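Student: Please find the sequence and the predicted model below.
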Amino acid sequence: DECLSSGMLVETNGAVQFRHELARLAVEKAAAPDRKLRLHRATLAALRATPEARADLARLAHHAESARDIDAVLEFAPAAGARAAALGAHREAAAQYARALRFADGLPLAERAELLALHSVECWITTQDEDALASGREALDAWRQLGEPLKQAEALANVARVTLNMGRPQEA
């Protein structure tokens with residue numbers, strides 16, 4: 001009530017939210033690490049239980065990462081990346097795929113390779129060339145290990161496109 005009356009929080013459509021993102025960041029930064037973890041876990045659980053909130057994949061991915069919930073990150077971050085890419089928000093898509101990749105070590109190699117390829121393409125679109133090249137090469141390695149010639153060809157084409165974008169036509 002005090003936060004609402006002071007204007008720190010506002011009520012919108014029956015929900016309470018911070019008036020400004022800077023206020024949210026300040027409060028989050030001031031919280032103790034163990035409390036932050038508990039709050040992110042509780043927020044993730046609450047959002048998962050609400051059909052309207054489940055539509056906000058980027059928010060779910062954020063809370064999943066902060067809650068250190070690997071399964072939830074791998075569920076929501078790639079979906080958020082795909083949605084962002086479809087909407088033309090390619091920098092956001094690249095960030096969501098990068099978020100998923102930070103938790104993807106335990107995935108089967110083919111799933112990891114797919115994430116790497118998606119990340120590489122989104123980074124290429126937004127001229128984050130070093131990241132695009134690194135993910136593209138890692139995807140290529142994975143497809144080679146898996147013996148997938150068509151996927152290897154796609155990855156090689158992507159690596160060449162990124163390298164060309166970097167002004168290295170001979171290497172491309």
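Tutor: Perfect, thanks for sending it. Numbering: from 1, shown residues only.

Student: Tell me which residues of stretch 28-40 come out buried.
Tutor: Leu39, His40 (16 or more other CB atoms under 10 Å). C-beta coordinates here come from the backbone N, C-alpha and C atoms, glycine included.

Student: And stretch 155-163, by the same measure?
Tutor: So, applying 16+ other CB under 10 Å, buried residues of stretch 155-163: Ala155, Leu156, Asn158, Val159, Arg161, Val162, Thr163.

Student: Nearest residue to the third one in space, please, no chain neighbours.
Tutor: For Asn158, the nearest residue in space outside its immediate sequence neighbours is Gly136; the separation is 4.7 Å by CB to CB, 6 or more residues apart in numbering.

Student: so of the buried residues of stretch 155-163, which ones are in helices?
Tutor: Mapping those onto helices (DSSP state H) picks out Ala155, Leu156, Asn158, Val159, Arg161, Val162, Thr163.

Student: one step back: tell me which two of the buried residues of stretch 155-163 sit farthest apart.
Tutor: Maximum pairwise distance in the buried residues of stretch 155-163, criterion CB to CB, is 12.4 Å, between Ala155 and Thr163.

Student: coming back round to it: JSON lines for the buried residues of stretch 155-163, including pLDDT and distance to His90?
Tutor: Below are the buried residues of stretch 155-163 laid out as JSON lines (pLDDT from 0 to 100; distance: CB to CB, whole Å):
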{"residue": "Ala155", "pLDDT": "97", "distance to His90": "19"}
{"residue": "Leu156", "pLDDT": "97", "distance to His90": "22"}
{"residue": "Asn158", "pLDDT": "96", "distance to His90": "15"}
{"residue": "Val159", "pLDDT": "97", "distance to His90": "19"}
{"residue": "Arg161", "pLDDT": "96", "distance to His90": "15"}
{"residue": "Val162", "pLDDT": "96", "distance to His90": "14"}
{"residue": "Thr163", "pLDDT": "96", "distance to His90": "19"}
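
Student: Number of residues surrounding the closest residue to Glu65 other than its chain neighbours?
Tutor: Spatial nearest neighbour of Glu65, chain neighbours left out: Val73 (5.3 Å); criterion: CB to CB, 6+ apart. For Val73, the number of neighbouring residues by other CB atoms under 10 Å comes to 25.

Student: same check, this time on the one 4 residues further on
Tutor: When neighbours are defined as other CB under 10 Å, Ala77 has 28 of them.
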